[in-house]
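Peer 1: Mind folding the following:
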Amino acid sequence: MMRSMLCRMVLPLFVLTCHTVQAEEAKTPSKPDAARGKATASTVCAACHNADGNSTITANPKLAGQHYDYLLKQLKDFKAAGDKPAARPNAVMSGMVAGLDEAQMQDIAAYFAIQKESDNTAKNKATLELGKKLYRAGDQSKGLAACAACHGPAGSGMPAQYPRISGQHAEYIEAQLKAFRDGSRANDPNKMMRMVTIKMTDAEIKAVSDYIAGLR
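Peer 2: As a prediction, this is how the structure comes out:
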């Protein structure tokens with residue numbers, strides 16, 4: 001009798017524990033798989049960014065060699081969640097990520113992160129010194145911080161905090177800096193980029209964008 005009562009008491013607890021463990025396992029994200037990411041990138045991303053992430057269209061960013069955490073954050077930011085709008089509105093990218101789940105975005109980020117970025121060069125010699133000064137030293141007279149303070153002297157950035165920007169298309173960088181300045185892009189943590197770009201003129205943005213394109 002006592003054994004029967006104990007079984008009836010323990011069995012529900014065991015079942016509840018199993019369900020709890022299974023639920024926790026379901027919450028645990030799968031490990032990013034670059035091979036799976038390649039398959040998705042080749043079909044979903046290649047038209048705009050090339051299969052290896054080295055976009056040849058200057059309006060579209062290079063994704064090759066970008067930090068995994070940054071890529072994943074941007075993919076998530078492009079995606080609306082129910083009634084909540086996307087943190088980074090973009091008609092094209094919102095459509096691209098709409099059908100992707102968390103695991104697929106992780107895989108894509110993992111794939112592009114291990115690709116080798118193609119070389120790029122600065123094109124405007126007339127503004128090279130201005131771009132270099134702004135990137136390395138900023139402008140203390142108006143409280144403009146140096147880009148290198150966050151993105152590093154070679155533009156390699158810092159994983160999980162600041163993106164790699166070296167070798168990026170100047171046209172894309174310029175467009176993003178202006179978007180931060182006018183507020184149409186606002187997914188920068190603590191308004192960091194918005195506070196920087198509000199102090200920059202069009203000429204300064206163009207100069208530093210061109211300089212960044214040639215960084216190694």
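
Peer 1: show me the contacts for the residue nearest to residue 118 when sequence neighbours are not counted.
Peer 2: Among residues not flanking residue 118 along the chain, residue 54 sits closest, at 4.4 Å (CB to CB, 6 or more residues apart in numbering). Quick note: C-beta positions are derived from backbone N, CA and C, even for glycine. Applying CB atoms under 8 Å, 6 or more residues apart in numbering to residue 54 gives the contacts 62, 64, 115, 117, 118.

Peer 1: Would you show me how to pick out the buried ones of those in PyMOL?
Peer 2: To isolate the buried subset of the contacts of residue 54 in PyMOL, counting by 16 or more other CB atoms under 10 Å, use the following:
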select buried, resi 62+64+115+117
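
Peer 1: Out of the contacts of residue 54, name the ones that lie in strands.
Peer 2: Judged by DSSP state E, the subset of those located in strands is empty.

Peer 1: Which of the contacts of residue 54 lies at the shortest distance from residue 89?
Peer 2: Comparing the contacts of residue 54 against residue 89 with CB to CB picks out residue 62 as the nearest, at 21.6 Å.

Peer 1: show me what contacts the closest one?
Peer 2: Residue 62 touches 49, 53, 54, 55, 117, 118, 120, 167, 168, 169, counting by CB under 8 Å, 6+ apart.

Peer 1: what pLDDT does residue 19 get?
Peer 2: pLDDT, residue 19: 44.

Peer 1: for stretch 35-46, the distance to its chain's centre please.
Peer 2: Remark: stretch 35-46 is offset 17 Å from the chain centroid, using CA atoms, centre = their mean, to the nearest Å.

Peer 1: one step back: dump the contacts of residue 62 to JSON lines, plus pLDDT and distance to residue 69.
Peer 2: Output for the contacts of residue 62, formatted as JSON lines (pLDDT from 0 to 100; distance: CB to CB, whole Å):
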{"residue": "49", "pLDDT": "98", "distance to residue 69": "18"}
{"residue": "53", "pLDDT": "98", "distance to residue 69": "16"}
{"residue": "54", "pLDDT": "98", "distance to residue 69": "20"}
{"residue": "55", "pLDDT": "98", "distance to residue 69": "20"}
{"residue": "117", "pLDDT": "97", "distance to residue 69": "17"}
{"residue": "118", "pLDDT": "96", "distance to residue 69": "22"}
{"residue": "120", "pLDDT": "96", "distance to residue 69": "23"}
{"residue": "167", "pLDDT": "98", "distance to residue 69": "19"}
{"residue": "168", "pLDDT": "98", "distance to residue 69": "17"}
{"residue": "169", "pLDDT": "98", "distance to residue 69": "22"}
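
Peer 1: Serialize those residues to JSON lines and add fields for secondary structure and distance to residue 185.
Peer 2: Putting those into JSON lines (DSSP: H, G, I helix; E, B strand; the rest coil; distance: CB to CB, whole Å) gives the following:
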{"residue": "49", "secondary structure": "helix", "distance to residue 185": "18"}
{"residue": "53", "secondary structure": "coil", "distance to residue 185": "21"}
{"residue": "54", "secondary structure": "coil", "distance to residue 185": "23"}
{"residue": "55", "secondary structure": "coil", "distance to residue 185": "18"}
{"residue": "117", "secondary structure": "coil", "distance to residue 185": "22"}
{"residue": "118", "secondary structure": "coil", "distance to residue 185": "25"}
{"residue": "120", "secondary structure": "coil", "distance to residue 185": "22"}
{"residue": "167", "secondary structure": "coil", "distance to residue 185": "21"}
{"residue": "168", "secondary structure": "coil", "distance to residue 185": "15"}
{"residue": "169", "secondary structure": "coil", "distance to residue 185": "16"}
